[in-house]
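# need coordinates for the following:
(chains A and B)
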Amino acid sequence: LAKTTQPISMDSYEGQEVNITCSHNNIATNDYITWYQQFPSQGPRFIIQGYKTKVTNEVASLFIPADRKSSTLSLPRVSLSDTAVYYCLVVDSRRLSNTGKLIFGQGTTLQVKP
Amino acid sequence: DVKVTQSSRYLVKRTGEKVFLECVQDMDHENMFWYRQDPGLGLRLIYFSYDVKMKEKGDIPEGYSVSREKKERFSLILESASTNQTSMYLCASNLGLAGAYEQYFGPGTRLTVT
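Coordinates of the predicted model:
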C-alpha cells in the first residue's frame, strides 16, 4: 500500500510561495497523487490532482518528478486565509476497493503569519 | 453548487446508546464515504458505499454499520456507542468507479459519547 509522509507543520508569511513536499515511496503505476485542504470545523476540500510532471490550476501547482516517489504542492503568494491543514494522498485510479489507499494521514498544518 | 449535508453538527450521546448519523448528497454521486477524524491520526475510512445497498468496509469498521437505501443518503450507525467513538465524523461522496475522483465532504458531525 502506498503510504505518504508529510511534514507535520510549516510556517510562512503572507505573500510568500509555500512548497509542501509529500513522499510516497511505494506509489504504484495506477496511483494518482491528490491534495486536499481543510479549514477548522469544515470537511476537506479538493485542491489538485496529478499523475506526473506538473499540473496547475487557479489555486495551486503540483510538481511530480519522473520517479513519482514524491510530489510538491506549491501555493503561490499565500495569504492568511491559506492557513489550513493540507493532506496528500495517493489513490488507485482504477478501483475503489483496497481502501487502504484512502488514508489521509496526519496532514501538514500550514500557519501563514502577517 | 454541490452539497453534502450531515444531519447534525454536534451530538452528545451516552454510552450504550444507538446512534444514527445521516448524510445526504445532491450530486447524484454513486460513491459515498464515512470517515472519522481524530487529532494526530488524520482521517480514517470507516465504510464506503458504491451503490444503493452496496457497502464495503474501510480501515476501521469495528463498532459501526452503515445503511444506504437511497442513492442520495448514507447512514452511519453506532450500534452501542462507546467513549472511544468520540470523534469528528465526516461524510463524503464522489463520482464513478475510480477512487481517484474528487471527493466532496460534508461539514462534519462532532460526536461526544459520555
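
# can you name the residue of chain A nearest chain B?
A:Gly43 (2.7 Å; Cβ to the nearest Cβ). All C-beta spots, glycine's among them, are computed from the backbone N, C-alpha and C.

# low-confidence ranges, chain A, go.
A:1-2, A:93-102 (pLDDT under 70).

# repeat that with 50
A:100 (pLDDT under 50).

# contacting residues for the closest residue to A:Pro76 other than its chain neighbours?
In this structure, A:Pro76 finds its nearest non-sequential neighbour in A:Glu17, 5.3 Å apart by Cβ to Cβ, 6 or more residues apart in numbering or on different chains. Residues near A:Glu17 by Cβ atoms under 8 Å, 6 or more residues apart in numbering or on different chains: A:Ser74, A:Leu75, A:Pro76, A:Arg77, A:Val78.

# tell me which element the last one falls in.
Right, the one you point to is A:Val78. Using DSSP states H and E, A:Val78 sits within no helix or strand.

# ok, now the first one?
Secondary-structure element containing A:Ser74, defined by DSSP H and E: strand A:70-75.

# so where do the strands sit in the chain?
No chain specified, so I'll use chain A. In chain A, the strands defined using DSSP state E lie at A:9-13, A:18-23, A:31-38, A:45-50, A:53-56, A:61-64, A:70-75, A:84-92, A:108-113.

# chain B was what I was after
Going by DSSP E, chain B shows strands at B:4-6, B:10-13, B:19-25, B:31-38, B:42-51, B:54-57, B:64-70, B:73-78, B:87-94, B:104-105, B:109-113.
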